[in-house]
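Student: Could you work out the structure for the sequence below:
(one chain, ligands or ions: 1)
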Amino acid sequence: MTGLNHRRLGRTGLTVAELGLGAMDTPHSPDAVQTVTTALDLGIDFIDTAREYEGSEHLLGEVIRRRGGKDFAVASKTFSHSISGSQYDIDRSLKVLGVDRIDLYQLHDISTPQSWDEVMRDDGALAGLKTAQYRGLIGHIGISSHNLDILELAIASGEFETVMLEYSAFFPATGLLIELAAHREVGVIVMRPLGGSGRTSTMRGNMAAGYAGPLTPANLLRYVLSNPGVSVAIPGARYPSRVVENVAIASSYAPMTNAERRELEDAASALY
Ligand SMILES: NC(=O)c1ccc[n+]([C@@H]2O[C@H](COP(=O)([O-])OP(=O)(O)OC[C@H]3O[C@@H](n4cnc5c(N)ncnc54)[C@H](OP(=O)(O)O)[C@@H]3O)[C@@H](O)[C@H]2O)c1
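Tutor: Have a look, this model is predicted:
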């Protein structure tokens, strides 16, 4: 077992390793089961999926069956904005995952004022999640968004125990929201901590060509984990080797100084 640090996931009562796994693209790999199994065997205990991610819930269901039960926290999401649609999605997630209860269920990508209004109505998706929580089908309720104003509303509303937001040296703008969330005891799940697959592919190419600058996946992960307001970072991975590398980094990193953070942000903004 590795030395991953654990952090509280806001006021959910859950404590999870600060390095999780984003399983959005994991199914698109012949090594998919091995990737998830490696993550779990190395101490990762929080995995993000969604109804919308093709094959991802099926993959996690397969891993849960092979392990003889669920020994990690699963977070899934609904794209539906309606009460009935969100409840239908939860039922589907439960069946596909093969579990009686999902630890965290999130409203997925609520990034326009219209979608916020729709999910928050009396007959909106949040009401569906609350009913499912009351019935014991889901443990906690969260929201993901790419819109800073909506994230602020969600944190202030008191309705959500977690927010999923983008945060990295490429996208430091959510830093203040992370502080606000920590103040309100809202758990912070960081999506795209490495800047996304396009940028990491460019970085891997640069490194293979002998690049010796600060912009590396290892430093990007350090950047996110150095923020104490972050609950869990969920880098995506299709291959076990990425998971092994990320666990090694998260098990041994030194928190970044402010000067290192600024240097990485500068290098990130120069990439694209
Ligand atoms: N709610 C939303 O709207 C939303 C939107 C986007 C993402 N998300 C969540 O956030 C998670 C992560 O986002 P993401 O996958 O878009 O971006 P990311 O985590 O920033 O980057 C993933 C990319 O980094 C590569 N990678 C991982 N570890 C690496 C390492 N140590 N060295 C080199 N490359 C490495 C992966 O490679 P390989 O795949 O080749 O292994 C993949 O191409 C998703 O899985 C999903 O759960 C949520």
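Student: and the residue of the stretch 151-272 of the chain found nearest the ligand, how far is that from residue 78?
Tutor: Closest to the ligand within the stretch 151-272 of the chain is residue 236: 2.3 Å, counting by CB to the nearest ligand atom. (C-beta placed from N, C-alpha, C; glycine too.) Counting by CB to CB, to the nearest Å, the gap from residue 236 to residue 78 is 20 Å.
Student: between those two, who's got more neighbours?
Tutor: Neighbour totals were compared for residue 236 and residue 78, and residue 78 leads with 26 against 19 (other CB atoms under 10 Å).
Student: per-residue confidence for that one?
Tutor: pLDDT, residue 78: 98.
Student: Look up phi and psi at it.
Tutor: Backbone torsions for residue 78, taken as degrees, to the nearest 10, come to phi -120, psi 140.
Student: what's the answer for residue 216, then?
Tutor: Dihedral angles phi and psi of residue 216 (degrees, to the nearest 10) take the values phi -130, psi 160.
Student: Just give the number of residues close to residue 4.
Tutor: Using other CB under 10 Å, residue 4 is surrounded by 18 other residues.
Student: Need the residues that contact the helix or strand where residue 7 lies.
Tutor: Here residue 7, judged by DSSP states H and E, is contained in strand 6-8. Strand 6-8 has contacts (CB atoms under 8 Å, 6 or more residues apart in numbering) with 14-18, 187, 230-232.
Student: Check what pLDDT the nearest residue to the residue of the stretch 151-272 of the chain closest to the ligand once chain neighbours are set aside gets.
Tutor: Excluding the flanking residues, the one nearest residue 236 by CB to CB, 6 or more residues apart in numbering is residue 22, at 4.1 Å. Residue 22 is assigned 98 on the pLDDT scale.
Student: want to try a markdown table for the contacts of strand 6-8, with secondary structure, neighbour count and pLDDT as columns?
Tutor: Below are the contacts of strand 6-8 laid out as a markdown table (DSSP: H, G, I helix; E, B strand; the rest coil; neighbours: other CB atoms under 10 Å; pLDDT from 0 to 100):
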| residue | secondary structure | neighbour count | pLDDT |
| --- | --- | --- | --- |
| 14 | coil | 23 | 98 |
| 15 | strand | 13 | 98 |
| 16 | strand | 25 | 98 |
| 17 | strand | 25 | 98 |
| 18 | coil | 19 | 98 |
| 187 | strand | 25 | 98 |
| 230 | coil | 21 | 98 |
| 231 | coil | 27 | 98 |
| 232 | strand | 29 | 98 |
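Student: near the ligand, from the residues you listed?
Tutor: The subset of the contacts of strand 6-8 within reach of the ligand, by CB under 6 Å from any ligand atom, is empty.
Student: Looking at the residues you listed, spot the one nearest residue 263.
Tutor: Distance to residue 263 across the contacts of strand 6-8 (CB to CB) is lowest for residue 230, with 19.7 Å.
Student: show me what contacts the closest one?
Tutor: 7, 18, 167, 178, 188, 190, 224.
Student: Of these, which pair is most distant in space?
Tutor: Distances among these were taken as CB to CB; the most separated pair is 7 and 167, at 14.5 Å.
Student: If you count surrounding residues, which of the two has more?
Tutor: Taking other CB under 10 Å, residue 7 and residue 167 do not tie; residue 167 has more neighbours (25 against 20).
Student: The more buried one contacts residue 181, correct?
Tutor: No - applying CB atoms under 8 Å as the test, residue 167 and residue 181 come out as separate, 10.7 Å apart.
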